[in-house]
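Participant: A predicted structure for the sequence below; I have some questions about it.
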Amino acid sequence: MQIDVFTLLPHAFSWLTEQRPVAAVLGSGLDLRFLNYRDYTPLTGGQVDDEPYGGGAGMVLRVDVVCAALEAVYGDTSGRRVVAFSPQGRQLDQVLVEQLAAADALTLLSARFEGFDERILEHVATDTVSIGPYVLSGGELPAMVLLDAVARRLPGAIRDESAAIETFSDALEGGFEFPHYTRPAEFRGWRVPEVLLSGNHARIDDWRRERSRERTPS
């Protein structure tokens with residue numbers, strides 16, 4: 001899978017190529033590139049944004065700059081899934097993550113401050129995605145969240161058994177994962193549930209599924 005991130009802060013993503021889980025699939029299942037709008041802008045002085053028409057605070061990422069960058073890299077984006085990040089977008093959930101992970105290639109558009117010229121969302125992006133009902137200073141963090149969520153679903157990123165039974169998986173009927181415990185069995189009077197120490201895997205499986213159902217909002 002090829003994922004390209006267009007951003008004004010490529011260096012903000014450097015850790016993704018150095019640490020797991022994203023780095024775990026680099027070179028085998030994931031071709032990851034970080035591209036700076038300023039390297040492709042048709043404007044002088046590396047300009048990429050401008051004041052909003054009608055007045056107001058902040059700067060807006062220009063549509064001509066974004067299109068120039070995409071055309072320089074791809075020539076034509078037809079058939080390519082282009083994701084822009086905005087609080088008004090579709091809420092990122094596991095269903096959307098699975099859809100995006102099934103694509104052959106993704107392009108992620110990150111903006112800063114006042115965000116995108118609306119024409120980018122209307123005519124350039126195929127998807128507008130939000131990671132939550134709050135405002136951030138830029139799209140770098142949302143892009144990292146989506147990158148991590150998608151990359152861990154690619155072949156080789158994690159063991160198959162790790163993904164088979166986890167939060168939102170079919171095995172748990174789309175619910176939250178059950179609680180986990182490890183050694184010591186008792187600490188400051190806080191004990192691990194006895195069923196997990198019983199060695200009875202049928203009882204453990206029943207207990208885990210019941211805890212999952214309890215945790216999952218109806």
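Facilitator: Cool, got the structure. Residues are numbered from 1 along each chain as shown.
Participant: in this structure, which spans are strands?
Facilitator: For the chain, the strands defined by DSSP state E cover 2-7, 31-36, 49-50, 60-61, 81-91, 105-109, 127-130, 186-187, 190-191.
Participant: Could you check how many residues crowd around Glu98?
Facilitator: 13 (other CB atoms under 10 Å). Yep, even glycine has a C-beta here, placed from its N, CA and C like the rest.
Participant: And the strands of the chain: which comes nearest Ala171?
Facilitator: Minimum separation from Ala171 across the strands of the chain (CB to CB) falls at strand 81-91, 23.2 Å.
Participant: ok, back up a step: output the strands of the chain as CSV; include the columns mean neighbour count, mean pLDDT and distance to Arg211.
Facilitator: Below are the strands of the chain laid out as CSV (neighbours: other CB atoms under 10 Å; pLDDT from 0 to 100; distance: least, CB to CB, whole Å):
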stretch, mean neighbour count, mean pLDDT, distance to Arg211
strand 2-7, 22, 97, 35
strand 31-36, 16, 95, 36
strand 49-50, 18, 97, 49
strand 60-61, 22, 97, 45
strand 81-91, 18, 97, 26
strand 105-109, 23, 98, 35
strand 127-130, 18, 98, 30
strand 186-187, 9, 98, 19
strand 190-191, 10, 97, 16
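Participant: With distance to Arg203 added, can I get those in a markdown table?
Facilitator: Below are the strands of the chain laid out as a markdown table (distance: least, CB to CB, whole Å):
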| stretch | distance to Arg203 |
| --- | --- |
| strand 2-7 | 43 |
| strand 31-36 | 44 |
| strand 49-50 | 60 |
| strand 60-61 | 56 |
| strand 81-91 | 37 |
| strand 105-109 | 43 |
| strand 127-130 | 41 |
| strand 186-187 | 20 |
| strand 190-191 | 17 |
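Participant: Can you tell me which of the ones you listed is nearest to Ser218?
Facilitator: strand 81-91 (19.0 Å).
Participant: angle of that closest one against strand 2-7?
Facilitator: Going by axes from the mean of the first three to the mean of the last three CA atoms, to 10 degrees, strand 81-91 is angled at 70 degrees with respect to strand 2-7.
Participant: Could you measure from Thr77 over to Leu121?
Facilitator: To Leu121, Thr77 is 14 Å away according to CB to CB, to the nearest Å.
Participant: try Phe34
Facilitator: Distance from Phe34 to Leu121, by CB to CB: 21 Å.
Participant: pLDDT weak spots in this protein?
Facilitator: 19-21, 23, 26-27, 159-163 (pLDDT under 70).
Participant: residue ranges for the helices of this structure, please.
Facilitator: With DSSP state H as the criterion, the chain has helices at 63-74, 94-101, 118-119, 140-151, 160-164, 201-215.
Participant: quick one: buried residues of the second one?
Facilitator: Using 16 or more other CB atoms under 10 Å as the test for burial, helix 94-101 gives 96-97, 100-101.
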